[in-house]
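Undergrad: Just a sequence and a predicted model for now, questions to come.
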There are 2 protein chains.
Amino acid sequence: MSAHSHTLEHAKEQVKLTPKREAVLNALLMTEKACSAYELIDFCKAKLDLSFSAMSIYRILDFLKEQQLVHKLEVANKYVACAHISCDHQHGAPQFLICESCDKVKEIHIEQSINDALKDNIAKAGYTLKSPQLELTGLCENCSE
Amino acid sequence: MSAHSHTLEHAKEQVKLTPKREAVLNALLMTEKACSAYELIDFCKAKLDLSFSAMSIYRILDFLKEQQLVHKLEVANKYVACAHISCDHQHGAPQFLICESCDKVKEIHIEQSINDALKDNIAKAGYTLKSPQLELTGLCENCSE
DNA sequence: ACAAAAAATGTTACCTCGTAACACTTATGC
DNA sequence: GCATAAGTGTTACGAGGTAACATTTTTTGT
């Protein structure tokens, strides 16, 4: 059993997935990168022999996002499987490093001290921070050589 | 002469602007908030009696962005005039607080210590940060009451 | 087990955003 | 003045996204 099948089993223990929903999560785990809805449609057709309309894919992605099995990257308009599906504990707001070359996404933990400092800095400017999902763009270890 | 006309003169000293480009920058300075391309089209038509096609507005905005007179907010897909046009010195990467209620944008300075900590945190994950333009969403001082 | 209700998915239609490619106009350099 | 470069206009279209209605599947209650 591969690593992502293991993750898929964990997900199925957390929430009951219809076959379509399971397939989309599986696709995201298989690609190991951020995908747009349309990229997922193409991938499912080519690799899983499954057809999805855009409407369907968006609904499934919305559901998976609500279940926190999938994150939406607001900047890139892409979706990525949550990196913590197999964890037993709760996680705070996700933060993402996105490789602008290969679309690989790493979900990281930003140190609490940085988060706190950021929140203070922002409060000084008079704003109240909503959820600090950070999306930072750069080059991953493979692409920066 | 109003504050934004003053800013516009400064911009024209830095780079030669065609009438269309000047009008778009002027519109952004007048609105004092973040605007999408289409919002700018509407504004220019209603307030300046100028017609722009979408293609034109995007090209003009891209140019202004390259000249760093305008910033693009990647999450909101909106554009905002740079807050530092009238400054004489160079600025680092901008960081924005966006009010999700009224679209008001404040361009802030995040303390260098936070930036450095963030960069270190990210390097530990193996990524090389590109430009750390941060866009954080919350409520401004007026909307959070 | 069956019927009703709820949930999930399919289909149709359409809107918004963004941009390639070609055409035309204006500005610049010699 | 002419050739070239830059800027803008026009046409066409794809990606992204979703409302509304229809159909199918699953769940729920008896």
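TA: Yep, that arrived.

Undergrad: Next to chain B, which bits of chain A? Give me the list.
TA: Proximity of chain A to chain B is confined to A:74-75, A:97, A:99-100, A:106, A:108, A:110-111, A:113-114, A:117-118, A:121-122, A:125-132, A:134-141, A:144 under the rule C-beta under 8 Å from any C-beta of the partner chain. All C-beta spots, glycine's among them, are computed from the backbone N, C-alpha and C.

Undergrad: The same query, at a cut-off of 7 Å, please.
TA: By C-beta under 7 Å from any C-beta of the partner chain, the part of chain A that sits against chain B consists of A:74-75, A:97, A:100, A:106, A:108, A:110-111, A:114, A:117-118, A:121-122, A:125-130, A:132, A:134, A:136-141, A:144.

Undergrad: Residue numbers of chain A in contact with DNA strand D?
TA: If contacts are counted using C-beta under 7 Å from any atom of the strand, the residues of chain A sitting beside DNA strand D are A:16, A:18-19, A:36-39, A:54-55, A:58, A:62, A:77.

Undergrad: which of those residues has the most neighbours?
TA: Comparing those by number of neighbours (other C-beta atoms under 10 Å in any protein chain shown), residue A:37 comes first, having 20 neighbours.

Undergrad: dump the residue contacts of the nearest residue to that one once chain neighbours are set aside.
TA: Distance criterion C-beta to C-beta, 6 or more residues apart in numbering or on different chains; nearest residue to residue A:37, sequence neighbours excluded, is residue A:57 at 4.8 Å. For residue A:57, the contact set (C-beta atoms under 7 Å, 6 or more residues apart in numbering or on different chains) comprises A:24, A:37, A:40-41.

Undergrad: What does the pLDDT read for residue A:50?
TA: For residue A:50, the model assigns a pLDDT of 92.

Undergrad: Which phi and psi values does it adopt?
TA: Geometry field for residue A:50 lists phi and psi as phi -120, psi 140, criterion degrees, to the nearest 10.

Undergrad: returning to that earlier point: mark which of the contacts of residue A:57 are part of strands, please.
TA: Judged by DSSP state E, these include no members of strands.

Undergrad: does residue A:47 sit in a helix, a strand or a coil?
TA: With DSSP: H, G, I helix; E, B strand; the rest coil as the basis, the three-state label of residue A:47 is helix.

Undergrad: List the buried residues of stretch A:76-96.
TA: Counting neighbours by 16 or more other C-beta atoms under 10 Å in any protein chain shown, one finds that the buried residues in stretch A:76-96 are A:76, A:78-85, A:94-96.

Undergrad: Output the below-cut-off pLDDT ranges for chain A.
TA: By pLDDT under 70, the low-scoring segments of chain A are A:1, A:88-92, A:132.

Undergrad: Confirm for me that residue A:71 is in contact with residue A:78.
TA: No: Residue A:71 sits out of contact with residue A:78 when judged by C-beta atoms under 7 Å, with a separation of 9.4 Å.

Undergrad: So for whichever residue of chain A sits closest to DNA strand D, what's the nearest residue that isn't a sequence neighbour?
TA: Residue of chain A nearest DNA strand D, by C-beta to the nearest atom of the strand: residue A:38 (2.9 Å). Leaving out its chain neighbours, the residue that sits closest to residue A:38 by C-beta to C-beta, 6+ apart is residue A:54, at 7.1 Å.

Undergrad: Where does residue A:68 sit, in terms of helix or strand?
TA: Using DSSP states H and E, residue A:68 sits within no helix or strand.

Undergrad: correct me, but it touches residue A:82?
TA: Yes: under the contact definition of C-beta under 7 Å, residue A:68 touches residue A:82, with a separation of 6.0 Å.

Undergrad: which residues sit against stretch A:116-136?
TA: When contacts are defined by C-beta under 7 Å, 6+ apart, stretch A:116-136 is touched by residues A:73-75, A:93-98, A:110, A:115, B:97, B:100, B:106, B:108, B:110-111, B:114, B:122, B:129, B:132, B:134, B:136-141, B:144.
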